[in-house]
Each structure stands twice: as C-alpha cells, then as structure tokens.
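Novice: No sequence on hand, only this structure:
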Ligand SMILES: NC(=O)c1ccc[n+]([C@@H]2O[C@H](COP(=O)([O-])OP(=O)(O)OC[C@H]3O[C@@H](n4cnc5c(N)ncnc54)[C@H](O)[C@@H]3O)[C@@H](O)[C@H]2O)c1
Ligand SMILES: O=P(O)(O)OC[C@H]1O[C@H](O[C@H]2[C@H](O)[C@@H](O)[C@@H](O)O[C@@H]2CO)[C@H](O)[C@@H](O)[C@@H]1O
Ligand SMILES: [Mn+2]
C-alpha cells in the first residue's frame, strides 16, 4: 500500500488533535509517510503541533516526518492529500454571526440562515486561495474540504474550478447521525449503508441498510419514537447543546414521518423555537470557546508538559475517521460508499443539474460515483429549492458584489422571511464584516 503525504490546512483547528488520534487509529486503512500542518496563525498552530509531536513520537513512530509551517510552498509541495478545515475570522466572528440575527429575532446559527451567509462570504476568498496554492505545488493532490458553510463553499469552488475533479467537500453530520443509528442497532457505523438526499445540512435519510441488504429503517424509526434519539460520537456524547439537537429528531420524525431528518433541519422547520431557546450572550461560539477550544488547549499543555500522552484525555472521533476513510477509498480505489457533496447532474432527477447536492457515492480512484436518487417528493423538493436559491444568491452576490442579491437571499431563507428584518440583519452584518466581505454595491 502506497504511503501518503498529508497536509492539514488549518493545523491550529480545535479538531486537529482528534484528527491526529484518528490518523493513528486508521493507520492500517490510510498509511502515512508524512504529515504537515499549515495555518496562517503561527502561534495557534504551534500549540497543537508541539502536542502532536508528543503523540506521534509515541503512537506513530513509523511516520517518516512531521512538520508545521506557515509557508504554503513548504506545506503543499508534493502532498497527496490536503485536508482543509479553516475558519476565516475565527470563533470571534462566529459569535457575531450568531448574535446579530438573534438580536433581530431570527435564528443565529453558524451555517444556517444569516449566520451561514455571513460565514460563507468570509470563507469563499480564503478557500479559493487555498485551492489555487495547493494546485500550484501539488497539481494532482486530492483536496478534501470540511470548511464551512460547506454548501456555500462547495458552490463557490464549483464555479471557480469547474474542471478540477479532485476537490471534494464533505460533512460529518450524516456520519455522526449514523453513529447513533449504529448504537440503536447494536452495530458499527461502517456496517451501515445509507440512502440519503439533500443539500449540506439540509437532507434526509430515506433508508438505512446493513451490508447484507437488510432494510433497517423501521427499526431505527421505531426506536426513536419509543426512546428518543441521542448523540453517541465521543466528541458530542456529553455536550448539552448536541443532546438537545439530537432530541429534536424525535419531534421532526413525529411531524414529518416519511424520512429520517438531518439534525440541521431543526433550524428551518422550527425557527421560532430555535430563537426562543437561545441566550444571545452565550451562543454556541461562546460555548465552544469555553468548551472544546479550552479543552483542546488544556490537553496540549498537559502533553507538552509531560512529554507523554499518559495524562492526556485523547479520543478518536467520527469527524477525523470520516475524512480519513473517505481519503482511503479515493487513494486505494476501494469503492466504499460515503455521503458527499457533488454536482447534481441528474442524480436527483427533478432538481436542477448545477445544484451541489449531498448524496451517497461510491468513492474510487476516479473520484465519487454517486448513486441515482430519482425524483424527490414535493415537500422536500420545495424546501430544497428555496434553500438552494438562497445559497446560489449568496455566491452570486460574492462574485458580483451585489447588496440586493444578499437581501433577496435572506428574504428567501426560511429562518428570516420578512424583508425589513432581512435588511436590518444584513446591514448589521455588513458593519461587522468590513474586513472580510467584498464591498457591496446597492441598486
Ligand atoms: N463540514 C463539517 O461537517 C465540519 C465539521 C466540523 C468542523 N468544520 C469546520 O472546520 C473548520 C475548523 O473549525 P474549528 O472550530 O476547529 O475552527 P478553529 O478556528 O479552531 O480552526 C481553524 C483554523 O484555521 C486557521 N485559518 C484561518 N484561515 C486560514 C487560512 N486562510 N489558511 C490556513 N489556515 C487558516 C485558523 O488560524 C485556525 O487555526 C471550520 O470551518 C468548521 O466550520 C466542518
Ligand atoms: O457547534 P460545534 O462547533 O460543536 O459543531 C459544529 C459542527 O457540527 C457538525 O459536526 C460535528 C462535530 O464537529 C463533530 O465533532 C462530531 O462529533 O459531531 C458533530 C455533529 O456531526 C457539523 O457537521 C459541522 O459542519 C459543524 O461545524
Ligand atoms: Mn457539517
């Protein structure tokens, strides 16, 4: 098995230590020759990198090299894979994305509604630069992207790099939901085969099978209706916010029993409830700053101080394992099935071809080979088309520097709806994002 050279773009991410633990766990499936971290923030990355050195020395002695750098040429030259997880504006800007809509009575969420729009308009420029630079130094590398909002990033990269067939955007949410299905069924996630359609953070499982072809959908639905639904992945199992989110799946299934929903649909189906439960001074960004970010940085200090993993509480998580298993299937032509984000081109037969949809695909060395979904029902089609128009208008607005398209986008979004409210939110977001967004022109 050829050993891979990997760069993690966003080496300072709160997810990097989990990714490192997952690379160790998955080393038989995805063996590595070298790991490099790249980040624009040297100090943030160094903390994670120094801790990673301690982990790798103990748990991956056969790795030939580990480096970290802020130099793109050093980082990207000759890599086989780039795993991208950057956050333009950091968690501080995430907090603004959540607070501003909430102050106007609309959903304040990282990837949904106005918050997703604001984050998307920040991510696009940096993501285009990252892809251009990876391509300069590693023309054949696979670029696997987690950077959010993945739907808007995927649409922008589709337009910017129409001929590049080695960029793949993915999301761990369907996989994290499948971890919970697996727990209900007494199985491993990798034993399950999903049927799924939608946009990123906006989709449904139509069925779940095991590898022998047995349909398990009703077992899952009945278990959720009888016992509720909880997160099971190590990263979120004890997180009160994720526990609340997973519990909402039971409500969604009672109201709309046809399919098993992605958890993110709660923001579009119950926007008023989502606003009511929020505390504007303690939105998710603040919880992450005081929670995951602090925990990861404390772990780094322990690892560096002890020069050993003995007292560090390190876990493998689905976020890391999912990206790595996707990479392994592409690298070794495994043809395994994963839910990924690809251009529609008839997969959902009654949806426009140029939509970036989230569907299962067999991943081979020639890229994702998505399975046909066919025609989707009116309710889901209507919801998807509204959301898709929102996403496309946001990307149009970025390219055309067009204020009016953003106003249209927000007015269309189910989390906003009201035009004056859309305008008020947009004007506040513009003030806070001057450093990041293009300067917009009004008609
Ligand atoms: N697709 C998914 O399902 C999924 C799942 C989890 C996280 N994510 C995304 O992963 C990213 C990381 O999340 P986080 O909470 O760890 O954020 P974070 O702020 O902790 O980490 C992001 C890192 O990226 C760096 N960075 C910012 N701009 C950069 C650039 N242009 N080039 C290189 N590095 C840059 C930052 O300095 C930081 O160290 C976010 O975009 C998040 O939304 C996506
Ligand atoms: O609010 P956060 O920062 O905790 O999470 C936001 C992300 O949520 C989803 O991803 C993952 C999570 O990151 C991961 O650790 C895993 O264990 O469970 C979550 C649910 O799948 C979402 O898919 C991402 O796009 C968000 O960035
Ligand atoms: Mn996601």
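Specialist: It's in. Only a predicted model underlies this, so the values are computations on that prediction, with no experimental measurement involved. Numbering: from 1, shown residues only. Ligands and ions are numbered 1, 2, ... in the order given.
Novice: Could I get the pLDDT score of residue 286?
Specialist: If you check residue 286, the pLDDT there is 98.
Novice: how far away is the residue lying closest to residue 31 once chain neighbours are set aside from ligand 2?
Specialist: Nearest residue to residue 31 in three dimensions, chain neighbours excluded: residue 3, at 4.8 Å (C-beta to C-beta, 6 or more residues apart in numbering). (Each C-beta comes from the backbone N, C-alpha and C, glycine too.) Distance, residue 3 to ligand 2, using C-beta to the nearest ligand atom, to the nearest Å: 27 Å.
Novice: Was I right to think residue 3 contacts residue 33?
Specialist: Yes: using C-beta atoms under 8 Å, residue 3 and residue 33 qualify as a contacting pair, with a distance of 3.9 Å.
Novice: Which residues are in contact with each of those two?
Specialist: Common contact partners of residue 3 and residue 33 (C-beta atoms under 8 Å, 6 or more residues apart in numbering): residue 64.
Novice: circling back to that earlier point, can you pull the contacts of the residue nearest to residue 31?
Specialist: Contact analysis of residue 3 by C-beta under 8 Å, 6+ apart lists 31-33, 64.
Novice: I'd like to know which of these are buried.
Specialist: Buried by 16 or more other C-beta atoms under 10 Å: 31-32, out of these.
Novice: and residue 242, how many neighbours?
Specialist: 18 (other C-beta atoms under 10 Å).
Novice: do residue 45 as well
Specialist: 23.
Novice: Look up how far ligand 2 lies from it.
Specialist: 19 Å.
Novice: So that residue: helix, strand or coil?
Specialist: With DSSP: H, G, I helix; E, B strand; the rest coil as the basis, residue 45 sits in helix.
Novice: With residue 345 instead?
Specialist: Applying three-state DSSP: residue 345 is coil.
Novice: can you give me the helices for the stretch 201-350 of the chain?
Specialist: Ranges of helices in the stretch 201-350 of the chain, per DSSP state H, counting those that start in this stretch, are 217-227, 240-255, 266-269, 271-276, 284-288, 294-306, 318-331.
Novice: residue contacts, the spatially closest residue to residue 110 that is not a sequence neighbour?
Specialist: By the measure of C-beta to C-beta, 6+ apart, the closest residue to residue 110 outside its immediate chain neighbours is residue 94, 5.6 Å from it. If you count contacts by C-beta under 8 Å, 6+ apart, residue 94 has them with 87, 110, 115, 119, 284-285, 288.
Novice: what subset of those is also close to ligand 1?
Specialist: By C-beta under 6 Å from any ligand atom, the members of the contacts of residue 94 lying near ligand 1 are residue 87.
Novice: which of the contacts of residue 94 lies closest to ligand 1?
Specialist: residue 87 (3.6 Å; C-beta to the nearest ligand atom).
Novice: sorry, back to before: who wins on neighbours among the contacts of residue 94?
Specialist: Top of these by neighbour count (other C-beta under 10 Å): residue 115, with 32 neighbours.
Novice: Check the model's average confidence along the one helix or strand that one maps to for me.
Specialist: Using DSSP states H and E, residue 115 maps to helix 113-137. Helix 113-137 comes out with an average pLDDT of 98.
Novice: list the helices and strands the very next helix or strand once past it packs on?
Specialist: Remark: after helix 113-137, the chain's next helix or strand is strand 142-145, criterion DSSP H and E. If you count contacts as 3 or more C-beta pairs under 8 Å, 6 or more residues apart in numbering; DSSP states H and E, strand 142-145 packs onto strand 81-84, helix 113-137, helix 150-160, strand 167-169, helix 318-331.
Novice: Comparing the ones you listed, which comes out most buried?
Specialist: strand 81-84 (a mean of 26; mean count of other C-beta atoms under 10 Å).
Novice: That one near ligand 2 anywhere?
Specialist: No: applying C-beta under 6 Å from any ligand atom, one finds strand 81-84 separated from ligand 2 by no less than 13.0 Å.
Novice: Counting by contacts, list what that strand packs against.
Specialist: strand 4-9, helix 113-137, strand 142-145, helix 318-331.
Novice: Mind listing the strands it pairs with, and their directions?
Specialist: strand 4-9 (parallel), strand 142-145 (parallel) (DSSP bridges).
Novice: what about the longest one, distance to the chain center?
Specialist: Right, strand 4-9. The chain centre lies 18 Å from the centre of strand 4-9; the measure is C-alpha atoms, centre = their mean, to the nearest Å.
Novice: and if you look at stretch 24-37?
Specialist: 21 Å.
Novice: in it, what counts as buried?
Specialist: Here stretch 24-37 shows 24-27, 29-32, 34-37 as buried, counting by 16+ other C-beta under 10 Å.
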